[in-house]
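Enquirer: attaching a predicted model along with its sequence, questions to come.
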Amino acid sequence: MPVLSYIHHLFNVEQCHAYIHTLRWKARPLQCPRCQSHNVGPWGAYHYQPGLKRYRCKEKGCKRTFNDLTGTLLDGSKRSVMYWILATFLLCLSCSSRRIARELGVHGRTSYRWCWWLRNTAISYETDRQVEGTVEADELYHTAGSKGQAKHGGPKHLGRRARGRRKKREPGRGHYDKDRPAIIAWVSRQGAVVIQATKNFTVQTVQKAADLAVQAGSRLYTDSASSYRALKGYVHEYVNHTKKEYARGDVHENRAECLFSLLKPYLRMFRGLSKTNLPGYVGFFQFLRNARQQNAFEQAGLILRAALDPAVASRARRGEYVKYLDHFDLLQTAIN
Ligand SMILES: [Zn+2]
């Protein structure tokens, strides 16, 4: 039985619409989403969506009708806003899309699509984040292969033999083509974190990642990997793990390693990742981590608020906020 059939007495559709209404128009007056006119008035309701109020843009405007969901991420959904609010809440409690499908009683493909739209919306808060002050950095290689179905249905063609369970992986550092992309974490001792999925761990990629994530002139503490030692623009000190040195006074990267100890079980819940989806999962984890002072309902409120902004919603549906960091891509765009 879907969860909603148990809690709909406590949680009804009118209240959900009122919540969505205040969330969308809290900061600004009610206006037409098409011509931005403020000269609008009520215009009845929808019989198939109880609780959703309709408005009409009056004279001098476009004279079209709209509602609280027009142009947003929730626009055009057959399911009521109750489902969306609950799905966002469960997503912030780190549920997988399959779990959400089961709890809500929607199809697995529906919840998969919703989850990615909502994750992308959450990542819109994180795109320009930079950390400063004393910053610890560390990297992780996560196995992420070709999970999922082919475009035309059926299993994906791997172009290689299946990895096999518990099979020992290849030696050396991982990278995208070996199905082990790198994840770099920048953890500020002042609290904020930036986590990036990168295709490899070369000097150029790490330099680009640092330029994006860390404010110039910050103090960096890392391990002795050569890509960090080549970094320019920061005050840099490192500990040498090969010499069993893990902390030298104030210089250590324990917070970055601690962050990975939280990220790894978070990713394990999805039972294997596709390497194309890795940046999305990592980005959403970054959002949850930076909003960790708030409870799951407040985090869901943040995501829904961004989802109600038409500009964010259209970009989130296309997945424009998520991408791999790779300096080769940058070079190629410069050439083209
Ligand atoms: Zn209008």
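Expert: Ah, there it is. Numbers count the residues shown, from 1 in each chain.
Enquirer: for the ion, see how far away the nearest residue to residue 157 once chain neighbours are set aside is.
Expert: Closest residue to residue 157 apart from its sequence neighbours, by Cβ to Cβ, 6 or more residues apart in numbering: residue 150 at 6.9 Å. C-beta here means a position set from N, CA and C on the backbone, and glycine is covered the same way. From residue 150 across to the ion, the span is 43 Å (Cβ to the ion, to the nearest Å).
Enquirer: neighbours of residue 150, just the number please.
Expert: 10 (other Cβ atoms under 10 Å).
Enquirer: hmm, residue 274 and it touching each other?
Expert: No: Residue 150 lies out of contact with residue 274 (Cβ atoms under 8 Å); the separation is 11.9 Å.
Enquirer: contacting residues for residue 255?
Expert: 136, 187, 189 (Cβ atoms under 8 Å, 6 or more residues apart in numbering).
Enquirer: kindly recompute the last result at 10 Å.
Expert: Applying Cβ atoms under 10 Å, 6 or more residues apart in numbering, we find residue 255 in contact with 134, 135, 136, 138, 185, 187, 188, 189, 191, 193, 221.
Enquirer: so which of those also contact the ion?
Expert: Among the contacts of residue 255, none lies close to the ion by the criterion of Cβ under 5 Å from the ion.
Enquirer: what's the burial count for the closest residue in space to residue 50 that isn't next to it in sequence?
Expert: Excluding the flanking residues, the one nearest residue 50 by Cβ to Cβ, 6+ apart is residue 13, at 5.8 Å. Using other Cβ under 10 Å, residue 13 has 15 neighbouring residues.
Enquirer: got a pLDDT number for residue 13?
Expert: Listed pLDDT for residue 13 reads 87.
Enquirer: pretty sure it sits against residue 86.
Expert: No: assessed by Cβ atoms under 10 Å, residue 13 is found out of contact with residue 86, at 11.9 Å.
Enquirer: buried residues in stretch 237-245?
Expert: Neighbour-count burial for stretch 237-245 flags 238, 239 (criterion: 16 or more other Cβ atoms under 10 Å).
Enquirer: again but with stretch 169-180, I slipped
Expert: 174, 175, 176, 179, 180.
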